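Peer 1: The sequence and its predicted three-dimensional model are supplied below.
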Amino acid sequence: MQLYGTDIASRLMLGTAQYPSPTVLAEAFRRSGAGIATVSVRREAGGARAGAAFWELVRDLDVALLPNTAGCHSVREAVTTAQLARELFDTPWIKLEVIGHADTLQPDPFGLVEAARILTDEGFKVFPYTTEDVVLAGRLLDAGCEVLMPWGAPIGTGLGLTNIYGLRTLRAQFPEVPMVVDAGLGLPSQAAIAMEMGFDAVLLNTAVAKAGDPAAMAEGFGRAVEAGGLAYHADPMEPRDMAAPSTPLIGKAFLE
Amino acid sequence: MKITINGTQTETGVETLAAVLDEFGYGDARVATAVNEQFVPVAQRGQTTLEPGDRVEIVTPRQGG
């Protein structure tokens, strides 16, 4: 998979928040085989140096880093956060979040497009956290985005793919655009379905970090993503309403 | 003069952003900065003079989803 010209071997992208400990986080990444880790920028109290410890931890994961603008509700805030992240993580990649609704954390489509255009003009490689809206997707591509990250469900809900029709339409509308289903996944089976639908990757955090055994769940997601991707490229059979025997009837012993 | 660092009002005796970072122990830390909601790159910290009431943000790498 190529994202902005960079080869990424794994189709799983994993967040780094909410794990019970740094050790569990590292083990989850190791067992998942994830190729990209999402990170953020936050204030630090003087002398605490939590940021330095975290930086060492993610550097040792040996994966590509995708900083986010999580929690930003305005274009200005998101753009400034992206600028801070670019310097801090030394990457032009940015997972652009412009949140428009407090309860659903739904992206603000208007602010998202505006921020995507500003950041693209400044040389950023924008990964927009968006909905499954086809018109919005087109606007984001027009703004310079080369990757789209539609939600499966609202962040942290674990509801899975709540609008299969919308996601299928989006996938079909822009077949050449790398698309990552981002947010809302709760189980590996949901990730497998996204991959079977032809999405290029999935991004998740809470489903792994908040599982009773995060490392095992991470491995489960890793296998599901691989299985779903294999199935998509294996040209699946068409479902049918009538039964069709799989075992040949010719040569069956006559026993009546 | 009084400035605000990461939301907390603070008294400082120095004038540039670079000097403030040194004064509060961020001199060699991996941080990024903004003043009054405007990003200030590393290379401009030395020339960025602060005024009373300025709002300084100092951020570091953290966990994210």
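Peer 2: On my side now, so go ahead. The shown structure was predicted, so the numbers you read here are calculated from the model rather than taken from an experiment. Residues are numbered from 1 along each chain as shown, chains lettered A, B, ... in the order given.
Peer 1: contacting residues for residue A:158?
Peer 2: If a contact means CB atoms under 8 Å, 6 or more residues apart in numbering or on different chains, then residue A:158 has A:184, A:185, A:186, A:187, A:206, A:207 as its contacts. Where you see a C-beta, it was placed from the backbone N, CA and C, and this is true even at glycine.
Peer 1: Can you tell me, leaving aside adjacent residues, what's nearest to whatever residue of chain B ends up closest to chain A?
Peer 2: Of all residues in chain B, residue B:60 sits closest to chain A, at 2.4 Å by CB to the nearest CB. Distances taken as CB to CB, 6 or more residues apart in numbering or on different chains place residue A:51 nearest to residue B:60, at 2.4 Å, with adjacent residues excluded.
Peer 1: Can you classify the residue of chain B closest to chain A by secondary structure?
Peer 2: strand (DSSP: H, G, I helix; E, B strand; the rest coil).
Peer 1: Look up which residues are beta-bridged to it.
Peer 2: Here residue B:60 shows beta-bridge partners residue A:42, assigned using DSSP bridges.
Peer 1: thought it was touching residue A:53?
Peer 2: No: taking CB atoms under 8 Å as the definition, residue B:60 is not a contact partner of residue A:53, at 9.7 Å.
Peer 1: Which one of those two is surrounded by more residues?
Peer 2: Comparing residue B:60 with residue A:53 by other CB atoms under 10 Å in any protein chain shown, the one with more neighbours is residue B:60, at 24 against 12.
Peer 1: Return the residues in contact with the residue nearest to the spatial centre of chain B.
Peer 2: Nearest residue to the geometric centre of chain B (CA atoms, centre = their mean): residue B:56, 4.4 Å. Residue B:56 sits next to B:3, B:4, B:5, B:6, B:17, B:20, B:33, B:34, B:35, B:50 when contact means CB under 8 Å, 6+ apart.
Peer 1: which residues does the fifth one contact?
Peer 2: Spelled out, it's residue B:17. Under the criterion of CB under 8 Å, 6+ apart, the contact list for residue B:17 reads B:33, B:35, B:40, B:44, B:45, B:46, B:48, B:50, B:56.
Peer 1: same question, the fourth one
Peer 2: Contact analysis of residue B:6 by CB under 8 Å, 6+ apart lists A:43, A:44, A:45, B:56, B:57, B:58.
Peer 1: Residue A:109: which of these is nearest?
Peer 2: residue B:57 (27.1 Å; CB to CB).
Peer 1: List the neighbouring strands of the helix or strand residue A:128 falls within plus their orientation.
Peer 2: Residue A:128 belongs to strand A:125-130 when elements are defined using DSSP states H and E. Sheet partners assigned to strand A:125-130 using DSSP bridges are listed as strand A:93-96 (parallel), strand A:149-150 (parallel).
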